[in-house]
Structures are given as C-alpha cells and as structure tokens.
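Student: coordinates for the following, if possible.
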Amino acid sequence: MKRVFKCMVLMATLLFSILFFSQIVIAGSVLKNEYIDVSIFDNGRFSIGTVKGNPEIDTDENAKLLYGWPSRSTSYTTIKIDGYDYAFGNKLTVLPANLDEGLINTCLEVYGDIEIRQDLSIVNGGFSDMDDTVEIKYIITNTGEEYHDLGVRIMMDTMLGRNDHAPFKVPGLGDITETTILEGNQIPEFWQAVDDLVNPGVISQGTLALYQNNRPDRFVMSSWRYLKSNMWAYNHTGNFGDSAVAVYWDPKPLAPGETREYVTYYGISKFSSDNKNPIVLNLSGNMFLEANEKGYFPNPFTVVAYLTNNTDSALNNISVKINLPEELTYFTDSEEVIVIDRLESGQSTQIVWNLFAAQQRYEKSVMYTVEVSAEGMEAFNLSREIFIPASISEIFNDEIDINKYMVSKRIGEDFEQVISQRPHIKPSINNVKITHMGEGVYEIEVTDYFVDSSKGGAPFFFWLAEDGYFEKKKIDNYRKVIFRAANGTQGQKIHLCVKMGDGLGNVDYKYLEVDGFGEVSDSNNEANLNAKFVSSFKNVKAWDTIPIRYNVYALDRVGEEILGTRVSLYYSVEDNGVWHTIIKDLIGVNGYNWIVPDINSANVKIKLVATNGSLVKEVVSDSFSVAPDIFIKGRVVDRDENPLPNVKITINDRITYTDVNGYYTINNLSPGKYTVTAEKEGFVFQRSIYTGINLTNYNRNRTINFYEN
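Tutor: The predicted structure is shown next:
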C-alpha cells in the first residue's frame, strides 16, 4: 500500500508540474468559428489556432497562433496579490464552461478575498472586419473588507505556423527579434507576429486596448523560457529565440467591493499586400472604428506600411505617399510623403502614419491609398478600407430634415480583392436595363451577369456618375439603383459606369448613357437659390471635429425644389482675403464635419458657396476663435546622423518615445514652462536635458533635437 501511495504522490506531483507548465493534452471546451479556434483546458488555460484563418490567403489554414494548439497550452496568466504570485488555473473553483450559446467561455478561481473570473470570447478585432480575434478578459473582485494590492500578467507563448521563434512587428519600431520592453506611452496600439519577416504566410495580431480606462503598464517581447520560469520578473536580453509576449498591469490597490477588468486581444491579422513588385508592400491598420460619446476610438489611429526590397540590388530614392479621403486627415506631424534614401537588398523598413477620422452622421466605409515609387522602378499603389460608424456624440443633435439630402455621386460596394490562385472564369456584365421613371429620373438594373460561383465567386456592384446622383437605397445589393440626372443638363448625355467584382480578384465594367434634363435660369422670377448656416461656431480648438450645418435649396418658378445643388466650403484667417479650401462640390448632404487644422486665430470665418446650374449663392459666417495646439517635437540621431528609435523623451510628467525615424511629438500641452530630457541605454547625448522652455498661445511650439555625443 505504501508503494501505491508513493506512486499516487508521485503522480500528483507530476500532475501539479504539468498543470503549472500547462502541458495539458485534453481540452475542457472549445470556442470556434470559421476563422479561429480556442482550445480551453480543464485548468482554465488556453491555446489558439486558425481554422480558415484569413480567407484572402491560403497559407494560414489550421495553423498555430500559440504553441501547443490544439492539444496543450504553454501560456499562462499570473495574478499578483499583496506581493505573492499565483498562476491562474491551479485552484479553479468553477471549471471552464461555454455560456451564451457557446459565444463565451468562463471559469472562476478564488484566493482569499480575491475572486478572479476568466472570460474568453471571439470578437471582431477591428483590423479585418471579421470575428477572428480572442478577447482575453480577467474580472477581479475584492470580496473582503480590506484593501489588497492587485496586479496581472498575461503571458502568451507565440508560435506562428511551424515557427516557434516567431519574430514581431511593432508600429514605430519595426521588426523585433530581441527582448524589447515597452512602457507607458511607448506601448503600441497593436503588435504583430509572423512566421517570416519578408514573406509572411501566417500573421497574428495582439491589440492592447489602450483606449480603455485600465491601460496596461508594460508590454514585453522576450524569450518564452525566461517568461515561463519567472512568473512576474524578466531578466533576458538579446535575441529571444523561442518567442513570447507578456502584458503587465502593475499592482494597484483594489478597494473592498471593487471590481476591475484586465483585457487584451489576440487573433488573426490581415495585411493588405502587394508582392508583385520589386518592393513588397504590406499595409496594416484598423478596418473599423468604434463610436462613443466623445467621438471615435481609437482616434487618432495608426496605419503602418511595411516595405521590403525583394530584389538582388539596392533601391534608391524611394518615395512613399499616402492619399486620404475627405473623412480622414493627418494628425500632428504625420507627413503625406516619406522619402527613403536607400533600401538594401532584402532590407525591410516601415512607415507609420497617425490619422484622425472626422465624425460622420451616417456610417460609411472609406479607402486610403499608399503609393510607392523608386529610381528605376515603376510606381504602384495599394489601398485599404476603414469603416467609420455613425457618430453618437452631440455634434449631430440638430433638427434639420436630412432625408431629402440622401443622395450620392457614387454608391455600392467596392471591396479590396486578392486574385484567387484557383483557375476560374472572369466575370462579365451582359445586360443593363435602363427605365425612364420621369423627368431626369432613371431606374437602372443589371439584369444579366456572370461570376464563377463554382469557384467561390459572388458579385458585388459599384456605380459612379458625372452630372447627377444616386438615391442612397440598397436595392438587391446595389444590383439596381435609382439615378437622378443633374438639373441644367438638358440636351446632354450623362455618363455613368457600373463596376462588378466577383470576390476572386476580377472586375468588369459597363459604361452607360442617359439623357440630361432641365435648364435653370438665373432670373429671380424663374428660379432662386437659398443658402444659410444653421450652426454657430465657438470655443473651437485645433483638431476638434466641428459640424458645419447649412440649409441650401434651389426652387423653380412654381416653388418646387430643384435637387442637385453643390456646396463648397472655405475658411479664412484674420480677414486677409485668402480662402483655404475645406471641401468642394458636396452634393446630397446638409453639412460637413470639419477637422479643424492647427491654426491660432481669434478671427476665423467660414464661407459657403452654393451652385445649381447658373445660380450661385455665397454665405460667410460670423468670426470665431481657434485655440492652437501647443506641442514640443524633435528628432534624436546618433553621431552619424542616423535616426535613433525608442529613445525615452520626458516632458515634465509626460513620456513618449522616438519612432523608427527618430522623431517624437507631445501635443495638447498647456501654456507654461517645460523641461525636456532624452534617455537611451548605452547612449550619451551632447545635451540630454533642456530646461525653462516657455510655451504660450503665441509661442506655442518648440523643436528640441538631441545628438549623440
């Protein structure tokens, strides 16, 4: 019996060791959809892999995103309570179970007064517009009557496909293959892991939810062996080999009865890619924003362009330009065009833009495009889409009847496509039916078309027009539209185009003509054009989104409204007679959301110019003031004037870090005196601290550069 008991003790000891290092081979439950799979084990620990993965590529199906998937886990979470470290899962009181019709998996653990609940769920991560991301959440409650210090570390053992030494990509820092510790404002909005830095076939992404109230304090990319063996500390330097990440929330007091959430995200990443040119270009960034009472989040948001020289020789004078739609703008020192002097064969680099989205009354998807050119290379471009939801902030609380403005010069769905490698037949638009519904009004319908549905093809339609507009109605997935010819086009042929994509990377076009209608006289007895502002402007600051609302309409001789009025908006500063363009040729809307640029003036005016045929009406607003952005910026370089990334810049109580090009900016400062310091381990600067920097509304920015000694 003693021998049996000793064997049982040995088995229990082995089981504890297995539990601690998460080598469990039987899953307790599974969360799964067509994209991603989460295996949850009986000790609450989990591992993640793909099902179909990113549907636009065929290299990441049934691939590991964390080591051990689907049969075991080597990732675990540390709960630090009053200075003691506990590995979550060693003392479960409620075993993992799927709830809410299998949409969430939850389990519970209790240490004294501290109750810890782990919730795992599959969500839309915001970067691919698919439910391909795992939300990892810990909800921790102090059920006692005393304060407890509470900290959390979520450690994930990354493995991408077959590469257990998966490197990382971080906005502003580039490719990461050595232990890297990021703190405070240095923590990125997101990070990515890849199976290969040059030609990635499996790509994952972690999102650090910086817009939440309980932001992480530290993000570490390092060696799994060191992070596994040290439940909280980390002491590794240099190349990490077997890679892992850890997200830290430092211990903070948790009051009696208080509940706190700790959240991070991990799942599939979706690059927009072009690898057919000498430079391989990958674009990454949010594919949708979320709305709250203050606007959108994240906003500003990050767009990253990864460039790799895929030739056998160096490339020179590489120009990278981003083109933005009217709904987006550059935020504080993001440059439209970046020039890279030289990129060696096989060398990679990245460019980061911080973009800002204006609030929209109605949800919409917009496209931005990155253009790349270099000496001896034909220019090419790559686009990426982002969805902007309807704003729920108070800037749209007006009472204007907007239904009659629901028209657009383009309508439909214009998805980004990747050419399918499967043999398939290209699509064709065979017939379009045009029905005249009345003066200048047409119903236009694609009645006969072909897409290769046997290879997974499915049609989507996009329409464009010159002199006229479409009613914003989704009829048969935009296979049918209602078109209104612009007034004053009688005797002319109005040109339209319908584009049909097949989801397999191909499109077909059909060009159409309809008759124009109507002449608009400039005689007040015949017709007139009315315009006025219905919103006022005050207490405006740089980078605010302000709603410019107006009421504009043209009436014919019997008082019927003539649709198709165009509106352009301009602003001036200090009555200098110079009008800067805000937006031109708005049609079918009752206003525009202006992202106010960084201007400093007590005398700003907005001008509205409305046109319909030969009718023109101008209206100028009352003057208002715009408070400027106050900021300190600069660059840090080594003794050879090469940029130094990841330099810690401290401006009074604010901290930031230089980006991959050595630049930094801290904005939204208040008038006052500032001290700026630069720190980077292993570097000494000619001057590392500047004091007594006085900023006011009139002396509102300084450039402070640092140079290695």
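Student: isn't residue 200 up against residue 168?
Tutor: No: at 11.5 Å, residue 200 does not count as touching residue 168 under the criterion of Cβ atoms under 8 Å. No exception for glycine: its C-beta is placed from N, CA and C like everyone else's.
Student: the residue lying closest to residue 278 once chain neighbours are set aside sits in which helix or strand?
Tutor: Closest residue in space to residue 278, ignoring its immediate chain neighbours: residue 311 at 4.7 Å, by Cβ to Cβ, 6 or more residues apart in numbering. Under DSSP states H and E, no helix or strand contains residue 311.
Student: circling back: shared neighbours of residue 200 and residue 168, which are they?
Tutor: The contact sets of residue 200 and residue 168 overlap at residue 194 (Cβ atoms under 8 Å, 6 or more residues apart in numbering).
Student: show me which of those two is the more surrounded one.
Tutor: residue 200 (27 against 23; other Cβ atoms under 10 Å).
Student: let me see the contact set for that one.
Tutor: Residues near residue 200 by Cβ under 8 Å, 6+ apart: 194, 271, 282.
Student: also residue 240?
Tutor: Applying Cβ under 8 Å, 6+ apart, we find residue 240 in contact with 165, 177-179, 221-224.
Student: and the nearest residue to it once chain neighbours are set aside, what are its bridge partners?
Tutor: Excluding the flanking residues, the one nearest residue 240 by Cβ to Cβ, 6+ apart is residue 223, at 4.1 Å. Taking DSSP bridges, one obtains residue 243 as the residues bridged to residue 223.
Student: okay, and for the protein, where does confidence drop off?
Tutor: The chain contains residues with pLDDT under 70 at 1-28, 126-129, 209-212, 294, 332-334, 393-408, 519-526, 557-560, 588, 659-661.
Student: domains of it?
Tutor: As assigned by automatic domain parsing, the chain contains the domains 2-268, 272-394, 410-515, 528-627, 631-707.
Student: which residues of the stretch 51-200 of the chain fall in strands?
Tutor: Ranges of strands within the stretch 51-200 of the chain are 76-81, 84-87, 92-99, 104-111, 114-123, 133-142, 148-156, 168-170, 174-176, 180-183, 190-194, based on DSSP state E, counting those that start in this stretch.
Student: sheet partners, orientation included, of the second one?
Tutor: Going back to what we said before, that points to strand 84-87. strand 76-81 (antiparallel).
Student: I would like the residues contacting the partner strand, please.
Tutor: With Cβ under 8 Å, 6+ apart as the test, strand 76-81 has contacts from 20, 22, 45, 85-89, 109, 111-112, 114, 116, 118, 138, 140, 148-155, 231-232, 251.
Student: now those residues: which count as buried?
Tutor: Among the contacts of strand 76-81, those classed as buried by 16 or more other Cβ atoms under 10 Å are 22, 45, 86-89, 109, 111, 114, 116, 118, 138, 140, 148, 150-155, 231-232, 251.
Student: thinking again about what came up before, need the winner for burial among the strands of the stretch 51-200 of the chain.
Tutor: Most buried of these by mean neighbour count (mean count of other Cβ atoms under 10 Å) is strand 190-194; its value is a mean of 26.
Student: who does whatever helix or strand comes next after it pair up with?
Tutor: Next in sequence after strand 190-194, counting helices and strands by DSSP H and E, comes strand 203-207. Paired with strand 203-207 in the same sheet, following DSSP bridges, are strand 190-194 (antiparallel), strand 259-268 (antiparallel).
Student: closest to residue 33 out of the ones you listed?
Tutor: Among the strands paired with strand 203-207, strand 259-268 comes nearest to residue 33, with 11.0 Å by Cβ to Cβ.
Student: bridging residues for residue 508?
Tutor: Note on residue 508: beta-bridge partners residue 500, judged by DSSP bridges.
Student: I'd say it and residue 427 touch.
Tutor: Yes: with contact defined as Cβ under 8 Å, residue 508 reaches residue 427; the gap is 4.9 Å.
Student: overlap in contacts, the two.
Tutor: Residues touching both residue 508 and residue 427 by Cβ under 8 Å, 6+ apart: 449, 500.
Student: got the contacts of residue 200 as TSV, with distance to residue 39 columns?
Tutor: Putting the contacts of residue 200 into TSV (distance: Cβ to Cβ, whole Å) gives the following:
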residue	distance to residue 39
194	22
271	26
282	29
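Student: and stretch 264-284, end to end?
Tutor: Start-to-end span of stretch 264-284 (Cα to Cα, to the nearest Å) is 19 Å.
Student: which positions in that stretch come out as buried?
Tutor: Quick answer for stretch 264-284 (16+ other Cβ under 10 Å): 264-274, 277-284.
Student: burial of the residue nearest to residue 240, as a residue count?
Tutor: Neighbours of residue 223 under the rule other Cβ under 10 Å: 21.
Student: again, but for residue 302
Tutor: Neighbours around residue 302, by other Cβ under 10 Å: 19.
Student: distance from the chain centre to the host helix or strand of residue 482, please.
Tutor: Per DSSP H and E, residue 482 falls inside strand 480-485. Computed by Cα atoms, centre = their mean, to the nearest Å, the chain-centroid distance of strand 480-485 equals 33 Å.
Student: how about stretch 459-469?
Tutor: The chain centroid and the centroid of stretch 459-469 are separated by 27 Å under Cα atoms, centre = their mean.
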